[in-house]
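Novice: Next comes the sequence, and after it the predicted model I'd like to discuss.
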Amino acid sequence: MAYAPLLADPVRDLLPPIFDTDARLTDLPREIAPWPGTRRHPQIAACLERARHNGGWHWPTRPVIFVSDPHADAEGLLRSLGAAGVIRRDGCAITLTDFGRRAQIVLGGDSFDKGPSNLDLLDALAALRDTGADLQILAGNHDLRMRMAIAALRGPRTPLSEHLFARMGRKILPALREVLDRYVTAADLAALPDEATCKARLLPGPDWSARFASAAAADLRPRVIRKEVTKLQEKLAKFDRDRARSGMSHRQILAAALKCHDIFFSPDGPYAWFFDRMEVVSRQGSVLFVHAGLCDSMCDLLASDGPDAVNAHYRAGAEVGSPAFYFGPLANLVRTKYRISDCRLTDAGVTALHRAGIHMVVQGHVNNHRGQRLLAKCGLLHLEGDVTLDRASRQLEGLEGIGAGATLIFPSGDVIGLSRDYPRAKHFAPERMS
């Protein structure tokens with residue numbers, strides 16, 4: 001395959017130095033080439049033209065490092081931060097580099113699920129916080145579903161919530177296994193009822209589908225209700241098999257799920273900081289960071305009230321965790337793939353966003369095998385920054401080893417896509433493209 005010619009100084013000097021003392025990043029590209037395909041892509045050119053006609057570009061006042069979708073792989077996260085030049089590793093210890101002290105790190109969501117260890121990933125984030133790093137954590141759909149599943153087991157059972165734990169299916173079980181092994185005590189288990197009662201608490205009642213359809217009719221379209229019922233039936237058909245594979249009884253699963261509330265949501269819980277710090281969008285100049293994408297409703301809210309209002313509405317909705325929230329425009333920020341079933345983004349929303357000075361979305365949620373991608377979605381420029389970091393996804397999708405990669409956005413207006421799965425760092429400077 002032919003690649004574009006390398007770029008000369010000063011672009012070549014954009015990559016900060018890395019400190020790879022234990023040779024974890026030997027296959028990381030250290031040469032920069034123009035972002036492939038951008039100059040010949042008419043839809044991208046149209047996005048850039050709209051940006052020029054709506055006030056042009058404004059850039060962060062300091063470098064922003066975007067890393068997304070670590071999916072419970074601490075090593076993938078740390079290698080990515082090392083690849084971006086923001087941390088130096090010395091055994092298990094990490095310190096910020098000079099560049100890391102000047103940069104802001106945006107974690108683009110989906111810290112949970114897949115593996116190898118959810119708690120190790122959170123411990124790595126805690127260690128990063130302890131360095132003094134400016135770290136912003138965004139919500140992903142996996143993080144939201146984890147939160148909703150845990151909350152559903154503690155509150156009163158209602159037709160709108162009693163299925164939410166089972167809806168997580170096998171994805172939640174590895175995290176519960178870790179919590180069981182690390183935090184659940186014999187006294188916790190002794191306080192629970194028998195196996196059959198615990199199973200009944202984990203799963204929706206036998207007449208749930210009819211009660212859910214009736215209760216959700218005011219907020220959800222019939223097609224969404226039918227799809228939710230079908231999905232839950234599929235999850236239930238596999239639940240006993242998945243539970244047996246996890247090696248946990250129903251009592252142990254319930255004990256671990258209830259313990260998750262203590263460690264994640266109690267004020268003194270060891271991981272309470274994780275959800276406390278979580279936002280859903282972050283704006284830096286003309287760039288909006290979000291896990292999945294936008295719809296017209298969120299474009300209007302961003303344009304009228306700004307990111308703080310969107311984050312406040314999201315936090316309030318996630319606290320309740322109702323199906324109306326999950327299938328509505330706020331959770332659409334972490335769920336959408338611009339499918340026909342998702343909340344719609346039309347030209348009206350894109351226009352509102354441009355007029356508010358936001359010209360590009362940097363997102364996670366869609367994993368790529370050859371580094372970051374730039375493309376127009378619904379007429380809006382998107383940079384997909386999920387470069388498949390976790391080794392579970394990589395093994396499943398035929399990629400070798402542990403992922404490493406980050407998106408670097410500089411005050412100069414230079415954007416760099418860095419991944420060990422693409423032989424050169426990709427460079428994009430929208431203001432300097434003809």
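Specialist: That came through, no problem.
Novice: Contacts only, for D421.
Specialist: For D421, the contact set (Cβ atoms under 8 Å, 6 or more residues apart in numbering) comprises N368, H369, R370, G371, V387, T388, L399, G403, G405. C-betas here are computed from N, CA, C, even on glycine.
Novice: same deal with R39?
Specialist: By Cβ under 8 Å, 6+ apart, the neighbours of R39 are M433.
Novice: in a helix, that's where H365 is, yeah?
Specialist: No: under the criterion used here (DSSP: H, G, I helix; E, B strand; the rest coil), H365 is coil, not part of a helix.
Novice: Find the residue closest to it in space, skipping its chain neighbours.
Specialist: Nearest residue to H365, sequence neighbours excluded (Cβ to Cβ, 6 or more residues apart in numbering): A292, at 4.3 Å.
Novice: is it true that the one you found touches N141?
Specialist: Yes: counting by Cβ atoms under 8 Å, N141 is a contact partner of A292 at 6.8 Å.
Novice: which of the two has more neighbours?
Specialist: A292 (25 against 22; other Cβ atoms under 10 Å).
Novice: which SS class is that one?
Specialist: Following three-state DSSP, the label given to A292 is coil.
Novice: neighbours around P34, how many?
Specialist: Neighbour count of P34, defined by other Cβ under 10 Å: 19.
Novice: so L176 touches L254, yeah?
Specialist: No: using Cβ under 8 Å as the test, L176 is too far from L254 to be in contact (9.3 Å).
Novice: one step back: now, which of the contacts of D421 lie within strands?
Specialist: Among the contacts of D421, the members found in strands (DSSP state E) are G405.
Novice: so which of the contacts of D421 comes closest to L25?
Specialist: Using Cβ to Cβ, G405 is the member of these that sits closest to L25, with 10.4 Å.
Novice: Report the separation between the closest one and A425.
Specialist: Separation of G405 from A425 (Cβ to Cβ, to the nearest Å): 10 Å.
Novice: tell me, what's touching those two both at once?
Specialist: Common contact partners of G405 and A425 (Cβ under 8 Å, 6+ apart): G417, L418.
Novice: ok, back up a step: give me the common contacts of A292 and N141.
Specialist: Common contacts of A292 and N141 (Cβ under 8 Å, 6+ apart): G109, V334, R335, H365.
Novice: Next one: the first one from W273, what distance?
Specialist: It refers to G109. 16 Å.
Novice: in stretch 424-434, what's buried?
Specialist: Neighbour counts over stretch 424-434 (16 or more other Cβ atoms under 10 Å) mark R424, A425, K426, H427, F428, A429, P430 as buried.
Novice: Tell me which of these fall in strands.
Specialist: Cross-referencing these against strands under DSSP E gives A425, K426, H427, F428.
Novice: Who are the contact partners of the closest residue to the second one other than its chain neighbours?
Specialist: Which is K426. If you skip the residues right next to it in sequence, K426 has G417 as its closest partner in space, 3.9 Å away by Cβ to Cβ, 6+ apart. The contact partners of G417, taken as Cβ under 8 Å, 6+ apart, are W35, G371, Q372, L383, G385, G405, T407, A425, K426, F428.
Novice: Now G417. Its backbone dihedrals?
Specialist: Main-chain torsions, G417, degrees, to the nearest 10: phi -110, psi 120.
Novice: now the strands for the stretch 1-150 of the chain?
Specialist: 32-34, 64-67, 87-90, 93-96, 104-107, 134-138 (DSSP state E, counting those that start in this stretch).
Novice: Tabulate those strands in a markdown table, adding columns for mean pLDDT and distance to C343.
Specialist: Formatted as a markdown table, those follow (pLDDT from 0 to 100; distance: least, Cβ to Cβ, whole Å):
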| stretch | mean pLDDT | distance to C343 |
| --- | --- | --- |
| strand 32-34 | 93 | 34 |
| strand 64-67 | 98 | 23 |
| strand 87-90 | 94 | 37 |
| strand 93-96 | 96 | 38 |
| strand 104-107 | 98 | 23 |
| strand 134-138 | 98 | 18 |
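Novice: of these, which approaches I150 most closely?
Specialist: Of all the strands of the stretch 1-150 of the chain, strand 134-138 sits nearest to I150, with 17.5 Å by Cβ to Cβ.
Novice: Just give the strands next to the closest one in its sheet, each with its orientation.
Specialist: For strand 134-138, sheet partners with direction are given as strand 104-107 (parallel), strand 278-279 (parallel), following DSSP bridges.
Novice: Same list (the ones you listed) but as TSV, adding mean neighbour count.
Specialist: Listed next are these as TSV, based on neighbours: other Cβ atoms under 10 Å:
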stretch	mean neighbour count
strand 104-107	24
strand 278-279	21
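Novice: can you put the ones you listed in a markdown table and add distance to S161?
Specialist: Shown next, in a markdown table, are those (distance: least, Cβ to Cβ, whole Å):
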| stretch | distance to S161 |
| --- | --- |
| strand 104-107 | 28 |
| strand 278-279 | 21 |
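Novice: returning to what we had before: from the buried residues of stretch 424-434, which is closest to Q284?
Specialist: Closest to Q284, out of all of the buried residues of stretch 424-434 and judged by Cβ to Cβ, is P430, at 14.4 Å.
Novice: what's the closest non-adjacent residue to the closest one?
Specialist: With Cβ to Cβ, 6+ apart as the criterion, P430 has its nearest non-adjacent residue at 5.4 Å, and that residue is L48.
Novice: Next, count neighbours for that neighbour.
Specialist: Neighbourhood size, L48 [other Cβ under 10 Å]: 20.
Novice: which residues sit in contact with it?
Specialist: Applying Cβ under 8 Å, 6+ apart, we find L48 in contact with L381, P430, M433.
Novice: What is the lowest-pLDDT residue among those?
Specialist: The lowest pLDDT within those belongs to M433, with 74.
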